[in-house]
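Engineer: Sharing a sequence plus its predicted fold:
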Amino acid sequence: MDIRQDDPKAPHVAGLLAHHLEELRSVMGEHAQALDASGLSAPAVTFWTAWQGDVLAGFGALKQLDATHGEAKSMRAAPAARGTGVGRTILHHIVAEARERGYARLSLETGTAPLHAPAVALYRSAGFVPCEPFADYQASPHNQFMRLDLSR
């Protein structure tokens, strides 16, 4: 699998990003915290796409919250790529980049619906543990927060 830094506003990303946002909003409503292409293009955000040959398999992003704290954002596997390891590959890439940047911790926000169970299992298997809301997030029955200590 090939991971590339990419432009979230690129035409090849549009369909999968629209699917991602639509699915999350259908389950979480106003509590969906996913970034659109503009949000993923912010200066503090680095966006990557994952490719299997010439097929877009997924994407993910890393947002710098401060000099020692990053946030994994908008991880998504394409429907046809689910179960192929694309999510794990993207997550490993984000964690490695966070370590490279010298972050002490990496946080994330995800949902609580059954749709999110595979992602939560992935995060737990990578060492993420539950935590309190961070940054500007507010807790709701629709979201949960996790963190990975990178200082070890």
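Structural biologist: Done, it's in.

Engineer: alpha carbons only for contacts and neighbour counts from here, please
Structural biologist: Will do.

Engineer: before we move on, which element is residue 147 in?
Structural biologist: strand 143-149 (DSSP states H and E).

Engineer: for that strand, which positions count as buried?
Structural biologist: 143, 144, 145, 146, 147, 148 (16 or more other C-alpha atoms under 10 Å).

Engineer: Report the next helix or strand after the helix or strand of the chain with the lowest mean pLDDT in sequence order.
Structural biologist: One helix or strand of the chain scores below all others by mean pLDDT, DSSP states H and E: helix 11-28, with a mean of 89. Proceeding N to C from helix 11-28, the next assigned helix or strand is helix 37-40, under DSSP H and E.

Engineer: other SSEs contacting that next one?
Structural biologist: Here helix 37-40 touches no other helix or strand, going by 3 or more C-alpha pairs under 8 Å, 6 or more residues apart in numbering; DSSP states H and E.

Engineer: which residues does the closest residue to residue 58 other than its chain neighbours contact?
Structural biologist: In space, residue 58 comes closest to residue 77 once its chain neighbours are excluded; the distance is 4.1 Å by C-alpha to C-alpha, 6 or more residues apart in numbering. Neighbouring residues of residue 77 by C-alpha atoms under 8 Å, 6 or more residues apart in numbering: 57, 58, 59, 86, 87.

Engineer: now residue 77: how far from residue 48?
Structural biologist: Distance of residue 77 to residue 48, computed by C-alpha to C-alpha, to the nearest Å: 12 Å.

Engineer: Fine, thanks again, bye for now.
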